[in-house]
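# dropping a prediction and its sequence here:
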Amino acid sequence: MPFKLEITASTEPPPAPIFSPTGGTYSGTQTVEIVCQEMGGTIRYTTDGSSSTSTYGTVFSGSVSVSNNTTLKALAYFPDGRQSEIARVSYAIKVATPTLSVPGGDYDAPQSVSMSCATYGATIRYTVDGAGPSTTIGTIYTEPITVDTETIIKAIAYKSGMSQSNMKSALYKFLFQIIINKTIT
């Protein structure tokens, strides 16, 4: 009896690509790997919100650097014409938290406080009244500020295309002010 071998192509769609790290909020640039879960597939991806196809999008090789808020969309396609569903993942990259040149604490002389942010091109906004700053509330930092009375500095940083930083806050107290307050009461 002759041996008969039949090969049939799978009609099942291949599994969608997976991303590592997974989507979420991160404090710095992420190097993203995209993995095809079935051998022999090619991955195409987009970063502009459009959907990739077997002919549209960047062919994945190596990794994707994500340095601002980005949605990646990817699919795997195969020589036999099969293609996966489009996988989608979003990354929110936060601006670095501002730093203050003088930590909060008790002082006996006025302090000159500078602010900086490790994220290039970020804008810093701050308040000195205890209220929380935002991208529209507070003073835009341009030069050191002199603190000579009890003050709470709160600062945030932001940049277009990225998520706002965490808030930095510091309380400054002055010994001469404490002594005067105790003498008066």
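Happy to help now that I have it.
# when you work out contacts or count neighbours from here on, use the C-alpha atoms and nothing else.
Will do.
# quick check: which ranges of the protein have low pLDDT?
Per-residue confidence of the chain (counting by pLDDT under 70) places the weak regions at 1-3, 5-10, 176-185.
# which parts of it belong to which domain?
The record's domain parsing of the chain by automatic domain parsing lists 18-93, 99-184.
# burial count for the residue nearest to Gly62 when sequence neighbours are not counted?
Leaving aside its sequence neighbours, Gly62 sits nearest to Glu33 (CA to CA, 6 or more residues apart in numbering; 7.1 Å). Residues lying near Glu33 (other CA atoms under 10 Å) number 17.
# Gly62 in helix, strand or coil?
coil (DSSP: H, G, I helix; E, B strand; the rest coil).
# about what we covered before: how much space separates the residue nearest to Gly62 from Ala122?
27 Å (CA to CA, to the nearest Å).
# one more: Ser20?
27 Å.
# looking at these two, which is more packed in?
Ala122 (20 against 12).
# ok, that one - contacts?
Val95, Ala157, Tyr158, Lys159 (CA atoms under 8 Å, 6 or more residues apart in numbering).
# could you dump those residues into CSV and include neighbour count, secondary structure and distance to Lys173?
Conversion of those to CSV gives the following (neighbours: other CA atoms under 10 Å; DSSP: H, G, I helix; E, B strand; the rest coil; distance: CA to CA, whole Å):
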residue, neighbour count, secondary structure, distance to Lys173
Val95, 28, coil, 29
Ala157, 31, strand, 24
Tyr158, 24, strand, 28
Lys159, 18, coil, 31
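# partner residues bridging the most centrally placed residue in the chain?
In the chain, the centroid-proximal residue (CA atoms, centre = their mean) is Ile93; its distance is 1.0 Å. With beta bridges defined as DSSP bridges, Ile93 has these partners: Tyr26.
# surely it and Thr29 touch.
Yes - using CA atoms under 8 Å, Ile93 makes contact with Thr29 at a distance of 6.9 Å.
# hey, what's in contact with both of those two?
With CA under 8 Å, 6+ apart, Ile93 and Thr29 have common neighbours Ser67, Asn68.
# so Phe19 sits against Gln30, correct?
No - the criterion here is CA under 8 Å, and Phe19 misses it with Gln30 at 11.4 Å.
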